[in-house]
Structures are given as C-alpha cells and as structure tokens.
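> Here is a sequence with its predicted model. Questions after.
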Amino acid sequence: MPTAVGDIFCAKLSVSSAGSCPDKSRIGRFLSGWVMLSGLIFLILPIIFNHMGFNEEIARRRTFGIISHPDAGKTTLTEKLLLFGGAIKQAGAVKSSKIDRHAISDFMEIEKQRGISVATSVMGFNYQGIKINLLDTPGHQDFAEDTYRTLTAVDSAVIVVDSVKGVETQTEKLMEVCRMRKTPVMAFINKLDRQGQDPFDLLDEIEKKLNIAVTPMSWPIGMGKSFKGVYDLFQRKLLLFQPGKTKLSDEVLQIDDLAHSALEQEIGDSAAATLREEVALITGVYPEFSEEDYMNGKVAPVFFGSAVNNFGVRELLDCFIRIAPRPQPRNTEVRQVKPTELDYSGFVFKIHANMDPKHRNRIAFVRVCSGRFQRGVNYHHVRLDKKLRFSNATAFMAQSKEIIEEAFPGDIIGLYDTGNLKIGDTITEGEKGSYQGIPSFSPEIFKEVVNTDAMKTKQLEKGLRQLMDEGVAQLFTYELGSRKVVGTVGQLQFEVIQHRLQHEYGASCRFHPVGLYKACWIGGDDPKKIKEFMKSKHRHIAKDKDGKWVFMAETKAWLQMVQENFPGVQFYMTSEL
Ligand code: G4P
C-alpha cells in the first residue's frame with residue numbers, strides 16, 4: 001500500500017506502465033520537498049500580504065486636530081472638511097461644542113448633547129483613499145487641558161485664524177503645546193469675505209505671536225467686499241470667489257504663469273496687477289515650501305479662505321493629504337515605538353464618563369500607536385499590570401460610532417470601561433513601558449472641597465476620583481489633615497464638577513476659595529535635600545491624583561524665596577518632570 005507521495009506516484013506509474021519504479025526514493029524526495037515548499041508558500045504568502053496590507057493601512061492614515069480661538073471658524077471648517085470627504089450630506093450636521101458664556105446653562109446644553117458630542121469629538125472620514133481622523137478640540141480656554149491632551153494623540157494640527165481678529169491668545173497657548181511636541185502645523189486664515197487685516201500683516205503676526213516661520217501656499221485677491229478669490233501658489237490655480245456658494249464644485253482655473261492675460265480677463269486689470277506684484281514680493285520674502293521644515297515643526301504652510309463659503313477648503317485638504325505626516329513613532333519611558341511594529345500598543349488621552357447616567361459607562365479614547373488592535377483579544381494594562389479584554393471597541397466616523405473588529409496605528413478607538421482606565425494609561429500586547437507626554441500643568445484656580453452631605457461621603461470620594469480620572473480638574477490632597485483642594489484652569493469647571501457630582505453620584509459639596517498661586521511638582525537628585533524641604537514645609541505639601549509630591553505655593557514671591565532657600569530642590573509647573 002502506498003504510504004507517501006512518492007509511493008502514490010510510483011503506484012500510478014506502475015499501473016500505467018506495468019513496469020518497476022525507476023527511482024522511487026528520488027521522486028519521492030522530490031515530490032515531498034515540492035509539497036513542503038508549496039505548503040510553506042501557502043503559509044507565508046498570506047503573512048506577507050497581510051503585512052503589506054498592514055503597512056498600507058498605516059501609510060494611508062492622517063490623524064490631526066483643528067485648533068483655534070473660539071469663533072475663528074473651527075466648527076465651520078470641520079464641517080466643510082467632512083462635506084468634502086462625503087462624510088456628511090449637509091451643513092449644520094456638526095454640533096458646535098463651544099461655550100459662549102461662562103455659564104453652567106451652556107455646559108448643560110452640551111451635556112444634553114453628549115451622545116452627539118462624543119461622536120463629533122473624533123471624526124473619521126475618507127478622502128481620495130486617505131483615512132483622515134480629525135480630532136475636535138474645545139476652543140474654550142477653561143477646557144485648555146483637554147485640548148493639550150488631545151494634541152498628544154495627533155500627528156499634525158491645523159490652526160484657524162480669524163482674518164479680522166488675527167492671532168488670539170488661546171491660539172498662542174495651543175501653538176506653544178504644538179511647539180513643545182514638535183507637531184507640524186498648517187494655518188488657515190479664515191473669513192476673507194470680511195474686511196480683515198492686511199495679509200502681509202497677518203503672516204507677520206503668525207510669525208511673531210506663534211513663533212514659527214510661514215510659507216504662504218495661497219494668496220488672497222482682495223478682501224471683504226472686494227474679495228475676488230485666491231491664487232493657489234502650490235498648485236498654480238486661480239480660484240474665483242462667489243459669495244454664498246455652498247456647492248462643492250471644482251471650478252478652478254489652471255494659470256501656471258501669472259503673466260498670462262487670462263488673469264486680467266478673470267479678475268480685472270487692477271486686481272491682476274496687484275496679485276502679480278504681491279506674488280513677486282512673497283517669492284522674494286518667504287522661503288520656498290520645505291516639506292522637511294514643515295515636518296520638523298519649523299515652518300507653517302498658510303492658506304487663505306472662507307470656511308463658511310466653502311472657499312479655499314478643498315485646497316487645504318488636497319495639500320493636507322499630500323504633505324501631512326503619517327502616523328509617527330511615539331516614546332514610552334523605555335524606548336521609541338514605531339507604528340509599523342507588529343505588537344499592538346496605544347494610550348488613553350481622553351475619557352467621556354457617564355454618558356448614560358443609568359449605566360455609569362465610560363468611554364476611553366485610545367490612540368493606536370503600533371500594531372493591529374483586535375476586538376476581543378486580551379491586552380495588557382501597564383499601570384495596573386493586568387489583562388483586559390475589550391469586546392466592543394468602537395470606531396468614530398463622522399456622525400456615528402460603530403463596533404470594529406480591528407484598528408490600525410493612527411486610529412482613535414473608543415473602549416467601554418467600568419473604571420479601569422484613566423488618562424495617560426497605556427495598553428499593550430504585553431510590553432511594560434508606558435507612553436509619555438500627557439502632562440498635567442499647574443492649575444490657575446484652587447478651591448477646597450467641602451462635603452455638605454456627610455451621608456454621601458463615599459459617593460463624593462468616588463465621584464471626585466472618577467472626574468479627576470477624566471481630567472475634568474486636578475485634585476490635591478494635603479498630607480496634613482487630608483484636606484482636598486481642586487485645581488482648574490477656569491471657573492467653569494467648578495460648576496461642572498458640582499453639577500455632575502450631584503446628578504451622577506448623588507453627592508453634594510461646596511467649594512471654598514483658597515489663596516494659592518501654583519502647584520509645583522517636586523524633584524531633585526538629592527533625596528536628603530528633598531526630605532529636608534518636605535519636613536520644613538510639611539504644611540504645604542500635598543499629593544496629586546497619581547501620588548506625586550506637590551508643593552502648594554501661596555504666592556509668587558514666596559515660591560521664589562523657597563526656591564532660593566532650597567537650591568537642591570527643583571520645582572516644576574508640569575507633572576512631567
Ligand atoms: P468656532 O468653532 O471656532 O468657535 O467658530 P464657528 O465655526 O462656530 O464660527 C464662528 C462664527 O463665524 C459663526 O457665526 C460662523 O458662521 C462664522 N464664520 C465661520 N467661517 C466664516 C467665514 O468664512 N466668513 C464669515 N463671514 N463668517 C464665518 P455665528 O454667527 O457665531 O454662528 P452661525 O449662526 O453663523 O452659525
């Protein structure tokens with residue numbers, strides 16, 4: 001009876017030729033080798049194709065955030081980008097998350113829309129084969145910390161500047177964060193349909209206030225009532241402005257040479273002459289666009305347009321998909337992790353809690369940094385050193401969330417959580433290093449929490465802990481007497497905390513103002529000197545939510561004096577020493 005492939009072959013041969021097998025063992029070896037090889041190919045090919053597919057998926061992702069001072073047009077631009085991406089069908093679909101007045105009623109209005117705002121805080125859409133993940137950032141300064149954290153999850157940013165108001169304070173602060181992280185930025189100067197500042201002055205202002213070199217990628221022709229359109233310096237196209245036009249069309253004119261008489265026909269003699277003059281000036285003054293400088297955060301390409309009129313948005317998007325960075329490597333405390341590494345890793349940068357108060361569910365927003373995230377797989381929670389399985393991970397598309405089977409580096413996924421996750425947590429396939437770069441900054445306003453319902457102490461503690469995990473504010477617990485002090489960037493958070501403690505946890509509290517200047521994280525090389533300092537200032541020492549030591553400085557002058565008296569101790573304004 002034939003037992004191996006060679007035997008079968010010989011058996012067949014012997015049936016047909018009725019002769020003896022010429023070299024049974026050689027053919028057998030050849031055939032079994034061939035079978036093994038083809039088996040190997042069958043096994044390896046899918047792995048190779050899978051890997052190629054994996055790398056392609058990473059290469060086609062662009063994850064970015066739009067930042068601006070409130071009212072510059074961030075929501076409008078976001079909406080137009082989604083319209084171009086075909087992710088929404090009509091304007092007005094994106095809910096603004098802005099808070100106009102410093103009032104609790106605005107927050108509650110947003111609270112009501114939480115279901116929507118969760119979906120709209122991350123918007124995924126496809127444009128020309130590129131998967132774009134757009135992260136919304138609150139413009140309101142009281143939520144600045146939320147924006148800082150969101151910026152840790154992006155690979156680039158688009159800054160919206162109002163052409164009438166120019167660069168405003170909040171934009172300066174956000175740009176500071178981009179610079180710290182060397183995040184590449186582009187600028188979109190908006191509202192050209194209004195009589196704004198001179199475009200050269202606006203570029204000067206961006207250079208000075210945002211401390212970054214600029215290269216104009218398009219140039220406006222007139223402004224306000226005389227606004228005729230822009231010349232796209234990047235693609236050498238003329239875009240003519242029609243006010244109130246909401247259609248997304250491609251009506252552009254290729255004008256490679258500005259000397260061409262077609263320019264006069266389109267925009268008139270005087271505007272054509274001015275455009276030629278100004279473009280000649282730009283070419284002389286500003287450096288040619290360098291992709292390398294942009295990628296290193298040294299230069300910002302600048303576009304002009306009017307978001308509400310759909311004007312200049314497509315040009316921004318077209319350039320964006322060409323030059324914006326793909327998912328970038330990120331550092332853990334141990335090493336740099338490349339997105340193309342096969343083992344999954346990611347970190348939590350935002351938490352939305354109690355979306356449905358009846359179910360106490362929280363959703364943690366995770367940036368995938370490396371490998372392929374797969375639903376239902378056991379992953380390693382680095383801080384807790386334990387395995388967790390996420391069976392209903394969610395992806396965010398423009399207006400909805402959907403359960404996903406897998407996600408790739410650059411993607412933002414939502415993980416439902418019952419209290420295991422907090423901002424900054426790293427989840428990996430087994431590796432122990434935590435991602436760095438989600439710092440807390442010293443708050444500006446401090447208030448002591450006073451429990452006003454002794455029967456609900458536990459609820460208050462739980463509520464405070466969970467709200468701090470979400471990053472709503474920072475909690476400092478004094479070593480002496482366990483006094484709890486909440487620190488925030490703005491007044492609004494205190495109202496938000498009080499409201500949520502009451503409605504979500506059934507706890508009630510009052511906030512008692514305390515005179516504090518800054519919370520300074522303590523560091524230094526000499527443990528003896530630190531111990532000495534802590535002993536001497538023990539009444540002013542507290543722990544932050546992660547158990548790190550913090551010096552609660554009452555005034556600026558006092559902090560300076562303490563710094564002089566304890567030269568061996570370092571005082572930091574951010575938790576990331
Ligand atoms: P934000 O998210 O940065 O806070 O700004 P948002 O997009 O909400 O825009 C702020 C205001 O500026 C809105 O007007 C919006 O319509 C307007 N706007 C946006 N882009 C342009 C533009 O290109 N030109 C002009 N002229 N206005 C623009 P609003 O009156 O506050 O709200 P709405 O009633 O128009 O929605």
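Good, I have the coordinates.
> Average pLDDT for stretch 263-277, rounded please.
Per-residue pLDDT values across stretch 263-277 average out to 90.
> now stretch 463-480: how far from the chain's centre is it?
Using CA atoms, centre = their mean, to the nearest Å, the distance from the centre of stretch 463-480 to the centre of the chain it belongs to is 24 Å.
> start to end distance for it?
End-to-end distance for stretch 463-480, by CA to CA, to the nearest Å: 22 Å.
> Now that stretch: buried residues?
Residues of stretch 463-480 classed as buried by neighbour count (16 or more other CB atoms under 10 Å): 463-464, 466-478. Just so you know, the C-beta spots here come from the backbone N, C-alpha and C atoms, and that holds for glycine as well.
> Mind checking which of the residues you listed land in helices?
463-464, 466-470 (DSSP state H).
> what does the chain have sitting close to the ligand?
Residues of the chain lying near the ligand by CB under 6 Å from any ligand atom: 68, 70-76, 96, 98, 139, 190-191, 193-194, 306-309.
> and those residues, which are buried?
Among the residues of the chain next to the ligand, those buried by neighbour count (16+ other CB under 10 Å) are 68, 70-76, 96, 139, 190-191, 193, 306-309.
> among those, which are in helices?
With DSSP H as the criterion, helices contain 74-76 from among those.
> tell me the mean pLDDT for the top helix by length along the chain?
Criterion DSSP H: the longest helix present in the chain is helix 24-59. Computed over helix 24-59, the mean pLDDT rounds to 76.
> follow-up on the earlier one: closest to Leu501 among the ones in helices among the buried residues of stretch 463-480?
When those are compared for distance to Leu501 (CB to CB), Gly463 comes out closest, at 4.5 Å.
> hang on, isn't the closest one packed against Ser508?
No - at 10.1 Å, Gly463 does not count as touching Ser508 under the criterion of CB atoms under 8 Å.
> Could you name every residue contacting both of the two?
Contact with both Gly463 and Ser508 is made by residues Leu501, according to CB atoms under 8 Å, 6 or more residues apart in numbering.
> Taking the stretch 351-500 of the chain, what residue is nearest to the ligand?
For the stretch 351-500 of the chain, the nearest residue to the ligand under the criterion CB to the nearest ligand atom is Leu492, separated by 15.7 Å.
> Any figure for the gap between that residue and Met397?
If you measure Leu492 against Met397 using CB to CB, to the nearest Å, the figure is 30 Å.
> Please identify which of those two sits among more neighbours.
Just comparing Leu492 and Met397: by other CB atoms under 10 Å the higher neighbour count belongs to Leu492, 20 against 16.
> mind checking pLDDT for that one?
The confidence metric pLDDT takes the value 78 at Leu492.
> ditto for Asp142
Asp142 carries a pLDDT value of 69.
> Likewise for the one 5 residues further on?
Thr147 is assigned a pLDDT of 82 by the prediction.
> CA atoms of whichever helix or strand it is part of as CSV?
Element membership for Thr147, per DSSP states H and E: helix 144-151. Extracted in CSV, the C-alpha atoms of helix 144-151 (Å, rounded to 0.1, in the frame of the first residue of the first chain):
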residue,chain,number,x,y,z
ALA,A,144,-7.5,74.0,27.6
GLU,A,145,-6.1,70.9,29.4
ASP,A,146,-8.5,68.8,27.4
THR,A,147,-7.1,70.3,24.2
TYR,A,148,-3.5,69.8,25.4
ARG,A,149,-4.2,66.2,25.9
THR,A,150,-5.9,65.8,22.6
LEU,A,151,-2.9,67.2,20.9
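> tell me how far it is from the chain's mean position?
Going by CA atoms, centre = their mean, the spacing between the C-alpha centre of helix 144-151 and its chain's C-alpha centre is 8 Å.
> and after that helix, which helix or strand comes next?
strand 156-162.
> what angle separates that following strand from helix 144-151?
For the pair strand 156-162 and helix 144-151, the angle between their directions (axes from the mean of the first three to the mean of the last three CA atoms, to 10 degrees) equals 140 degrees.
> Following the chain past strand 156-162, name the next helix or strand.
Going down the chain from strand 156-162, the next helix or strand is helix 169-180, by DSSP H and E.
> hang on, the earlier thing: what lies in contact with the helix holding Thr147?
65, 67, 135-139, 157, 170, 173-174, 177-178, 181, 183, 349-350, 423, 438-441, 471, 489-490.
> again, but for stretch 324-341
Contact with stretch 324-341 is made by 54-55, 58-59, 61-64, 155-156, 184, 186, 295, 345, 347, 369-371, 409-410, 426, 431-437, as judged by CB under 8 Å, 6+ apart.
> quick one, phi psi at Ala300?
Backbone geometry at Ala300, expressed as degrees, to the nearest 10, gives phi -110, psi 120.
> what's the answer for Gly437, then?
Gly437 has phi and psi values of phi 100, psi 20 when expressed as degrees, to the nearest 10.
> my guess is it meets Met180, correct?
No - look at Gly437 against Met180 with CB under 8 Å: they stay out of range, at 9.1 Å.
> which one of the two has more residues nearby?
Per other CB under 10 Å, whichever of Gly437 and Met180 has more neighbours is Gly437, with 17 against 14.
> need the contact list for that one.
Contacts of Gly437 (CB under 8 Å, 6+ apart): 152, 181, 330-331, 576.
> Now compare the residues you listed and name the two farthest from each other.
Across these (CB to CB), the longest gap, 14.2 Å, separates Arg330 and Glu576.
> the more surrounded of those two?
Neighbour count, other CB under 10 Å: between Arg330 and Glu576, Arg330 has more, with 22 against 12.
> Contacts only, for the closest residue in space to the more buried one that isn't next to it in sequence.
Leaving aside its sequence neighbours, Arg330 sits nearest to Cys369 (CB to CB, 6 or more residues apart in numbering; 5.0 Å). Residues touching Cys369, when contacts are defined by CB under 8 Å, 6+ apart, comprise 327, 330, 337, 339, 345-347, 409, 435.
> Which members of those occur in strands, if any?
When those are checked against strands (DSSP state E), the matches are 330, 337, 345-347.
> With pLDDT as added columns, please give those in CSV.
Output for the ones in strands among the contacts of Cys369, formatted as CSV (pLDDT from 0 to 100):
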residue, pLDDT
Arg330, 95
Val337, 97
Ser345, 97
Gly346, 97
Phe347, 96
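> from the residues you listed, which single one is nearest the ligand?
Looking across the ones in strands among the contacts of Cys369 and measuring by CB to the nearest ligand atom, the closest to the ligand is Phe347, at 26.8 Å.
> I'd say that closest one and Leu421 touch.
No - with contacts counted by CB under 8 Å, Phe347 stays clear of Leu421, the gap being 10.1 Å.
> In stretch 501-517, which residues have enough neighbours to count as buried?
By neighbour count on 16+ other CB under 10 Å, the buried set for stretch 501-517 is 501-502, 504-505, 507, 509, 511, 516-517.
> ditto for stretch 553-565
By 16+ other CB under 10 Å, the buried positions in stretch 553-565 come out as 553, 559, 562.
> can you list the weak-confidence ranges in the chain?
1-24, 45-52, 89-120, 139-142, 243-252, 354-360, 398-400, 576-577 (pLDDT under 70).
> okay, now the domains of it?
For the chain, whose domains are defined here by automatic domain parsing, the residue ranges read 2-57, 60-323, 330-428, 445-572.
> Return the distance of the second one from the chain's centre.
The gap between the average C-alpha position of domain 60-323 and the chain average comes to 17 Å, counting by CA atoms, centre = their mean.
> Asp62 pairs with what?
If you look again at residue 62, you'll see it is Arg, not Asp. Ile132 (DSSP bridges).
> And it, how far from the ligand?
21 Å (CB to the nearest ligand atom, to the nearest Å).
> okay, now that residue: neighbour count?
Quick note: Arg62 (other CB under 10 Å) scores 22 neighbours.
> for it, what are its contacts?
130-133, 155-156, 320-321, 324-326, 410.
> so how far is Ile351 from it?
From Arg62 across to Ile351, the span is 24 Å (CB to CB).
> got TSV for the contacts of Cys369, with distance to Glu205 too?
Converted to TSV, these look like this (distance: CB to CB, whole Å):
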residue	distance to Glu205
Pro327	32
Arg330	32
Val337	38
Pro339	35
Ser345	40
Gly346	37
Phe347	35
Pro409	36
Tyr435	35
